[in-house]
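Visitor: sharing a sequence plus its predicted fold:
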Amino acid sequence: MNETNDRPAAGVEPPAEEKAQTAPGQPAPQGGLPENSAEAEKAPAAEGRAQTVPAAAGESARPSVAASVSVDEPDLRYKNGREVAKGGLLGFFIGLAVIVPGVSGSTVAIIFRLYHKLLYALGNILRRFQKCVRFLLPVALGLLVGFVLGFLAIQRLLDVSPFAVVGLFAGLMLGAFPAVYDEVRTEKKTAPRVALFALGLAVPVVISLVSTLAAGGERALEGLQWYHYLLFLVLGYAVAVTQVVPGLSATALLMMFGYFQPLMDSVHLSYWRQNPAVFAVYACLVVGFVVGLVSFSKLLTKLFARCRGTAFFAIVGLSLGSVVTMFFNPDIFAVYTAWADGAAFALDLSLGIALFFVGAVLSYLFVRYERKKSVPRL
């Protein structure tokens, strides 16, 4: 056959196989990748691996930095002021989570469709520093506001009417639960997955029970030995885990070890003057917290990349269990004990029930709004 016959006639569409061939100036496809696009979409990309975007015809075949894009890297840019405000509100709830037992900032991240971005930004802050910091800055500012407001206002409201405050936040968390359940709604309910759900449900309940019934009382922050500072490093890491895993409560965890109220009481100028060594405790907690955020977020990112659907069954259980524990923790148990001893409770109880339903309705309406505005997946 001559050369002329090898060429397609003018106006005739070339076969699909020839279309798939590399155009002049384009990099050749890597060996070992799936040949068709459907298989290529199913093939998981390794964490941090970049794929080269083919250049247009006539462009240099040399891959550029702009042409290398990580397959699993989410878009961390805020497109408008509404998204920036959403990031700040996420941080606000993360800050509140340190004060109010059962509040989960990660659950709010799922509602806002920011959970995957939050995990990626925390886990890759050293590797993608500029992009990650830009995303995390509004979250960090909101966290600071939430923590300060929670410490100055919410903590005092808890002293005045604890059941009412807990009722409001429990309603908010319960109303947000459908957003978490959306992640497994269409997943197959196998026995191992149901077991993971049950395990996730049990974890916060067990932590709450231990912190309420089996804790050894409050522990002092004075006269510490060297091994206590190692404990605070571990505690800081554990608190970080509660911030990225929906359904876990930093407050309940610290209560379980007897350090929640001592840490709250230590944030005072007179205490700092009398016991300046407490700053070493703060430093250990912060170091453990930062290491925990970065390392555990990266671990969760890899876990979700491999078995997202299965892992979310545990998260659904954790989220539901956290709502239960808001009504059973050391602070609320003290309220129940006071009621049993004859303290007036009618107003606090009725107000708490009313705020619970108000919070649940408002939160669920917001979830429905986000469903209409957002894509189904994170």
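Guide: Arrived safely.

Visitor: give me the element F177 is part of.
Guide: Applying DSSP states H and E as the criterion places F177 in helix 162-181.

Visitor: which helices and strands sit right next to the following helix or strand past that helix?
Guide: Using DSSP H and E, the next helix or strand after helix 162-181 towards the C-terminus is helix 191-209. If you count contacts as 3 or more C-beta pairs under 8 Å, 6 or more residues apart in numbering; DSSP states H and E, helix 191-209 packs onto helix 250-256, helix 278-325. All C-beta spots, glycine's among them, are computed from the backbone N, C-alpha and C.

Visitor: what angle sits between helix 191-209 and helix 278-325?
Guide: Taking axes from the mean of the first three to the mean of the last three C-alpha atoms, to 10 degrees, one finds that helix 191-209 is oriented at 120 degrees with respect to helix 278-325.

Visitor: same question for helix 191-209: list its buried residues.
Guide: Neighbour counts over helix 191-209 (16 or more other C-beta atoms under 10 Å) mark R193, L196, F197, G200, L201, V203, P204, V205, I207, S208, L209 as buried.

Visitor: residue contacts, the fourth one?
Guide: Which is G200. Applying C-beta atoms under 8 Å, 6 or more residues apart in numbering to G200 gives the contacts G247, F313, A314, I315, V316, G317, L318, S319, L320, G321.

Visitor: do the same with the last one
Guide: Residues counted as contacts of L209 (C-beta under 8 Å, 6+ apart) are F328.

Visitor: got phi/psi on I125?
Guide: The phi/psi pair for I125 (degrees, to the nearest 10) reads phi -60, psi -30.

Visitor: the one 4 residues further on now?
Guide: Geometry field for F129 lists phi and psi as phi -60, psi -50, criterion degrees, to the nearest 10.

Visitor: what about it, distance to V294?
Guide: 12 Å (C-beta to C-beta, to the nearest Å).

Visitor: now the contacts of G200: which count as buried?
Guide: Buried among the contacts of G200 (16+ other C-beta under 10 Å): G247, F313, A314, I315, V316, G317, L318, S319, L320, G321.

Visitor: by pLDDT, give me the weakest of these.
Guide: Looking at these by pLDDT, the weakest one is G247, with 71.

Visitor: tell me if that residue really is in a strand.
Guide: No - checked against DSSP: H, G, I helix; E, B strand; the rest coil, G247 lies outside a strand; its state is coil.

Visitor: which residue sits closest to it, ignoring its sequence neighbours?
Guide: Leaving aside its chain neighbours, G247 sits nearest to L318 (2.7 Å; criterion: C-beta to C-beta, 6 or more residues apart in numbering).

Visitor: which residues does the one you found contact?
Guide: Taking C-beta under 8 Å, 6+ apart, we find L318 in contact with G200, L201, V203, P204, V245, P246, G247, L248.

Visitor: F129 and V294: which is more packed in?
Guide: The residue with more neighbours, out of F129 and V294, is V294; 16 against 10, by other C-beta atoms under 10 Å.

Visitor: can you check the pLDDT for that one?
Guide: At V294, the pLDDT value in this model is 89.

Visitor: was I right about it contacting L126?
Guide: Yes - V294 lies in contact with L126 (C-beta atoms under 8 Å); the separation is 7.2 Å.

Visitor: any idea which of the contacts of G200 is closest to F289?
Guide: Nearest to F289 out of those is G247 (C-beta to C-beta; 18.6 Å).

Visitor: show me the contacts for that closest one.
Guide: The contact partners of G247, taken as C-beta under 8 Å, 6+ apart, are 104, 106-107, 200, 203-204, 315, 317-322.

Visitor: ok, V281 next?
Guide: Counting by C-beta under 8 Å, 6+ apart, V281 touches L221, L224, Y229, F232, L263, S266.

Visitor: how about low-confidence regions in the stretch 151-300 of the chain?
Guide: For the stretch 151-300 of the chain, applying pLDDT under 70 flags the ranges 214-218.

Visitor: list the helices and strands the host helix or strand of Q243 packs on?
Guide: In this assignment (DSSP H and E), Q243 forms part of helix 226-244. Under the contact criterion of 3+ C-beta pairs under 8 Å, 6+ apart, helix 226-244 touches helix 81-97, helix 105-111, helix 115-123, helix 250-256, helix 278-325.

Visitor: hmm, who's touching stretch 81-89?
Guide: So stretch 81-89 is contacted by Y78, V108, F112, L114, F135, P138, V139, L141, G142, V145 (C-beta under 8 Å, 6+ apart).

Visitor: G167 and V358 touch, don't they?
Guide: No - with contacts defined as C-beta under 8 Å, G167 does not count as touching V358, sitting 9.0 Å away.
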